[in-house]
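>>> Requesting a structural model of the entry that follows:
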Amino acid sequence: MHPWSVGIDLGYGRLALNSDQSAGAPAGTFALAFRGTRTLNELLSVSVEVGGWLLQAFNLKGLSVGEGVSTALLRVAVYPLRNAAWFIPLSAGWGSYTNNRPLRWNGDGWTWKVGMGFEIDNGSNLTTVLATHCAAGRFGDVRNAAVTLTGRRYSVWDIQVGVQWHFGRTTR
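As a prediction, the model looks like this:
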């Protein structure tokens, strides 16, 4: 077992943006995450993960375009059985909502994510990861002359496929 790994996950999600004043319908979204992991033993690993869900691509030439939710999370993955291929990731951290359209307001706040995954060993240092997650968070209120939005929040369900590269001196 290698003690360290880095990985990337890509996928599809359904994200809903809501507030106390409006309920948004879930929209299809592109999911992306980068992760650095320290494996503690056969039952537990700890990761730092940055990622999110993109609703509309950002464009440096069209500054009024782009919408997405970004997260920075501390993740603990629990493997219920020794040497099991499946795991339960539990994450918490900070989320940020960005919307570049006119008369839209960004926000940030606490977020969480939980899921279930499965690892497929591809050789000595590579693993393919299949996972599904649900996540939610809050973005704070907007109170100004144009609008008042309270209880701004998001919820998302996604499915992702990824690859992890393991490295470091093996512990067995």
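
>>> Low-confidence bits of the protein, can you list those?
103, 171-172 (pLDDT under 70).

>>> What residue in it is the furthest from its centre?
Among residues of the chain, the one most distant from the C-alpha centroid is residue 145; the distance is 33.2 Å, by Cα atoms, centre = their mean.

>>> how much space is there between that one and residue 104?
Separation of residue 145 from residue 104 (Cβ to Cβ, to the nearest Å): 15 Å. C-beta here means a position set from N, CA and C on the backbone, and glycine is covered the same way.

>>> before we move on, what about residue 63?
From residue 63 to residue 104 the distance is 13 Å (Cβ to Cβ).

>>> swap in residue 110?
In terms of Cβ to Cβ, residue 110 sits 21 Å off from residue 104.

>>> So what are the sheet partners of the helix or strand hosting residue 50 and their directions?
Under the criterion DSSP states H and E, the helix or strand holding residue 50 is strand 44-56. Sheet pairing of strand 44-56 (DSSP bridges) gives strand 27-41 (antiparallel), strand 67-78 (antiparallel).

>>> just those: most buried one?
strand 67-78 (a mean of 19; mean count of other Cβ atoms under 10 Å).

>>> And that strand, how far out from the chain middle?
The chain centroid and the centroid of strand 67-78 are separated by 4 Å under Cα atoms, centre = their mean, to the nearest Å.

>>> Check stretch 102-117 too.
Between the centre of stretch 102-117 and the centre of its chain there are 9 Å (Cα atoms, centre = their mean).
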